[in-house]
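Chemist: predicted model follows, preceded by the sequence.
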Amino acid sequence: MTPLILTQFGFLTLGTLGYIDLIAATTNAFNGALLARRPSHYKHFTVMGVILLAYAGGIGGGVLRDILLNKVPSPLVNPWYLIACFAAAGIALLITLRSEVKFQDGLFQFMTAFSLPWYAIVGADAAVTAHLGYGAAVLIGVIGTTGGRFIIDISSGVIPQQLVRGGFFVLTAAMTAALYLILKEAMGMSVILSTGIAFVFGFGFRLAAQWLGWEEWEPWEPADLKAGEKAHTTLGQGLRAELDPKDS
Amino acid sequence: MTPLILTQFGFLTLGTLGYIDLIAATTNAFNGALLARRPSHYKHFTVMGVILLAYAGGIGGGVLRDILLNKVPSPLVNPWYLIACFAAAGIALLITLRSEVKFQDGLFQFMTAFSLPWYAIVGADAAVTAHLGYGAAVLIGVIGTTGGRFIIDISSGVIPQQLVRGGFFVLTAAMTAALYLILKEAMGMSVILSTGIAFVFGFGFRLAAQWLGWEEWEPWEPADLKAGEKAHTTLGQGLRAELDPKDS
Amino acid sequence: MTPLILTQFGFLTLGTLGYIDLIAATTNAFNGALLARRPSHYKHFTVMGVILLAYAGGIGGGVLRDILLNKVPSPLVNPWYLIACFAAAGIALLITLRSEVKFQDGLFQFMTAFSLPWYAIVGADAAVTAHLGYGAAVLIGVIGTTGGRFIIDISSGVIPQQLVRGGFFVLTAAMTAALYLILKEAMGMSVILSTGIAFVFGFGFRLAAQWLGWEEWEPWEPADLKAGEKAHTTLGQGLRAELDPKDS
């Protein structure tokens, strides 16, 4: 079944960056469904609503990137984006129905880091291919990486993650895009090698930011809000609490 | 006057799908103005604000469709969209100022169904004309149909209708687009006949969903919210209450 | 230093309308940072969040305009938009940290009027250059002028300024775009002269609307909200209070 279906709908002709783009959409859709089910975001969404929101969050970055590059968005041209994103969103939704909250927290934090670098890499590459400058390439990488989250936050009535403390979400995307460009354009590495190194960096930096509680600087904090912010849990604290339930 | 004005601004050269697109924008603008004035959405909008929001909701689906298809949006090219949408929004606004709430409720429910199928049909046709696949055509139909409502909901601080219980809003749009494609592409029917059948189906299904209270499945319901949801009124209950005031 | 940097990144080849577009983005970014720090909008944004939101508000109108005109957005092609918007946003952020609230109020009201006309002019010109009609040109001017504010309002969880009482925000943009088109297209004036007159008109009308408290008509006002609205302060009252502290 699987080998047969993989020959359908142009899956074999996507090309290296096409596969990375599909991975970007799928991992972001998976993470989007987990996000839509979190108490911060869940707003009585229906099953179809969670899947649609995850799909929008999955392809959103790629669609925005291609609109800005004045192309028909790749997630609309190839049906595999729809199939893979709906499947990923469905699996994530099932996980939120069948698993414990602590496992979901850890999985969400992991996937938040794991899904981050892909769109930064594809966006930067696509912008350079479209003859834009390196500054624009990093910008397109950031928009591709963070655009889906913006759509999910706005649709859930939540202030976008880009604007508030969020473990250097935007900075990680920008650095990943810039690193990819340095490796591929300046040092002449292959797409696969540049992608591999940029992915490890972006994934690792984001995971470290979450684990160690690195946060952007907030310009002024009203006194009455400081108490609530102390309750902010880093990924490290969350995982330690998961391994040792007595700790929590 | 009317025959003369209709020869202006390229009204006579719109073509069959152009007229359907104009009907789509106008009916959605009319419905958008009614929506903007409902207690769920009204946020101290000004007269110009209601009309602008209705206009955005009216052309929004078509603009998003054409951006995704990498074209200059048709509502910007032809001035009739502006004229028809502003007129429809103005009439709807007057109705909300001059009529009883129950009449407005019935009219809104009717227009919600009546305005739905048009963009599904035009979007599906435009995507196939742009050489996209059938999956993408249904998707473009759904985005065209539901995009305007998304803009209105987001602008009104309301969770988008696509994501919560809403009488199978998205499913009706997808089925209408798919039916149109089957009739026109697979069975070779004319645009007008395919449109007529797909419209009757989409309008009827949506009206039935509203009347009979068909709703999407919600994955989990916190106990304290169940009481409020029981108060949800179907269109059938609303119309029966209107005919028999003692019932309410 | 400055003369040298100005020869970089294509600054000298922007052309007249390119410089106006850059002024539009920069002044809107400056105003956007001030807006993001106001109590109505500030939602625990980080330093990077304020700058990103200001940047999005600065280039947002131009990006939407170019997407609608089916072009790669000019703020992505030329890196000066990023440099100028980030610098303007940073300066505005510093001002909000180092100055008194009354000075900030006056500066914000002044900049709201000062930043308004530019995108109306560039948008109207770009639409006519793209062979769209005059109605569409005014519409593109309005979208360019007000699009950035829409992004900031939506991202801050605030009802968009276009829809509520806001000193004839949309009308001023439409009149400025229309005046520019009359001067340049119908009366044959140069770009610079048409821009100068349209700017003075748009800036002056907006300032007058704010100073004198001109507001759009609101269709119905629930009785319990009237008290709150009486507290609305015009720019004139604000400035008089600033000059005479005993008054406040």
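Modeler: Cool, the structure landed. Predicted, not measured: the structure shown is a model, and the values here were computed from it.
Chemist: is stretch A:89-107 in proximity to chain B?
Modeler: Yes - using C-beta under 8 Å from any C-beta of the partner chain, stretch A:89-107 comes into contact with chain B via A:93, A:96-97. In this view, the C-beta of every residue, glycine as well, is placed from N, C-alpha and C.
Chemist: buried residues, that stretch. List them.
Modeler: Residues of stretch A:89-107 classed as buried by neighbour count (16 or more other C-beta atoms under 10 Å in any protein chain shown): A:89-90, A:92-93, A:95-96, A:104-107.
Chemist: where does chain A dip in pLDDT?
Modeler: Scanning chain A with the threshold set as pLDDT under 70 gives A:1-9, A:220-248.
Chemist: spell out which parts of it neighbour chain C.
Modeler: Within chain A, the residues that sit near chain C (C-beta under 8 Å from any C-beta) are A:67-70, A:127, A:130, A:132-133, A:135-136, A:139-140, A:150, A:154, A:157, A:159-160, A:162-165, A:170-171, A:215-221, A:225.
Chemist: out of the residues you listed, who's near chain B?
Modeler: Restricting the residues of chain A next to chain C to those within reach of chain B (C-beta under 8 Å from any C-beta) leaves A:67, A:70, A:154, A:157.
Chemist: could you say which helix or strand contains the third one?
Modeler: Take DSSP states H and E as the rule and residue A:154 turns out to sit in helix A:134-155.
Chemist: cool, the second one as well?
Modeler: Residue A:70 is part of no helix or strand when elements are defined by DSSP H and E.
Chemist: wait, isn't it in contact with residue B:69?
Modeler: No - under the criterion of C-beta atoms under 8 Å, residue A:70 lies out of contact with residue B:69, with a separation of 11.9 Å.
Chemist: please enumerate the shared neighbours of these two.
Modeler: Both residue A:70 and residue B:69 lack any common contact, where contact means C-beta atoms under 8 Å, 6 or more residues apart in numbering or on different chains.
Chemist: quick one: which of these two has more around it?
Modeler: More crowded of residue A:70 and residue B:69, by other C-beta atoms under 10 Å in any protein chain shown: residue B:69, with 19 against 14.
Chemist: neighbours around the nearest residue to that one once chain neighbours are set aside, how many?
Modeler: Distance criterion C-beta to C-beta, 6 or more residues apart in numbering or on different chains; nearest residue to residue B:69, sequence neighbours excluded, is residue B:130 at 4.9 Å. For residue B:130, the count of nearby residues is 18 (other C-beta under 10 Å).
Chemist: what about residue B:130, distance to residue B:140?
Modeler: Distance of residue B:130 to residue B:140, given as C-beta to C-beta, to the nearest Å: 9 Å.
Chemist: shared neighbours of the two, anything?
Modeler: Listed contacts common to residue B:130 and residue B:140 are residue B:69; contacts here mean C-beta under 8 Å, 6+ apart.
Chemist: pull the contacting residues for residue A:193.
Modeler: With contacts defined as C-beta under 8 Å, 6+ apart, residue A:193 is in contact with residue A:183.
Chemist: element containing it?
Modeler: Residue A:193 is located in helix A:191-212, with elements delineated by DSSP H and E.
Chemist: what angle sits between that helix and helix A:134-155?
Modeler: If you take axes from the mean of the first three to the mean of the last three C-alpha atoms, to 10 degrees, helix A:191-212 sits at 50 degrees to helix A:134-155.
Chemist: re the thing from before, want to throw the buried residues of stretch A:89-107 into CSV with secondary structure and distance to residue A:182?
Modeler: Output for the buried residues of stretch A:89-107, formatted as CSV (DSSP: H, G, I helix; E, B strand; the rest coil; distance: C-beta to C-beta, whole Å):
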residue, secondary structure, distance to residue A:182
A:89, helix, 34
A:90, helix, 38
A:92, helix, 34
A:93, helix, 38
A:95, helix, 37
A:96, helix, 38
A:104, helix, 36
A:105, helix, 34
A:106, helix, 32
A:107, helix, 32
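Chemist: of all the residues you listed, which comes closest to chain C?
Modeler: residue A:105 (21.7 Å; C-beta to the nearest C-beta).
Chemist: residue A:11: how many residues sit nearby?
Modeler: Residue crowding around residue A:11 was assessed by other C-beta under 10 Å; the count is 17.
Chemist: who are the contact partners of the nearest residue to it once chain neighbours are set aside?
Modeler: In this structure, residue A:11 finds its nearest non-sequential neighbour in residue A:80, 5.5 Å apart by C-beta to C-beta, 6+ apart. Residues in contact with residue A:80, defined by C-beta under 8 Å, 6+ apart, are A:9-11, A:14, A:22.
Chemist: what about the residues you listed, which are in helices?
Modeler: Secondary structure assignment by DSSP state H places residue A:22 of those in helices.
Chemist: highest neighbour count among the contacts of residue A:80?
Modeler: Top of these by neighbour number is residue A:22, holding 24 neighbours under the definition other C-beta under 10 Å.
Chemist: chain B contacts on chain A?
Modeler: Residues of chain A that fall close to chain B, judged by C-beta under 8 Å from any C-beta: A:9, A:37, A:43-50, A:52-53, A:63, A:67, A:70-73, A:76-77, A:79, A:82, A:93, A:96-97, A:154-157.
Chemist: let's see that with 6 Å instead.
Modeler: Within reach of chain B by C-beta under 6 Å from any C-beta of the partner chain, chain A has these residues: A:43-49, A:52-53, A:72, A:76, A:79, A:82, A:155.
Chemist: just the buried ones among those residues, please.
Modeler: Among those, those classed as buried by neighbour count (16+ other C-beta under 10 Å) are A:43-46, A:48-49, A:52-53, A:72, A:76, A:79, A:82, A:155.
Chemist: what's the most distant pair in these?
Modeler: With C-beta to C-beta as the measure, no two of those lie farther apart than A:44 and A:72, at 34.3 Å.
Chemist: sorry, back to before: kindly indicate which of the residues of chain A next to chain B lies nearest chain C.
Modeler: Nearest to chain C among the residues of chain A next to chain B, counting by C-beta to the nearest C-beta, is residue A:155 at 10.7 Å.
Chemist: wait, what's in contact with the closest residue in space to that closest one that isn't next to it in sequence?
Modeler: Distances taken as C-beta to C-beta, 6+ apart put residue B:160 closest to residue A:155, at 5.4 Å, once the chain neighbours are dropped. Under the criterion of C-beta atoms under 6 Å, 6 or more residues apart in numbering or on different chains, the neighbours of residue B:160 are A:155, B:150, B:153.
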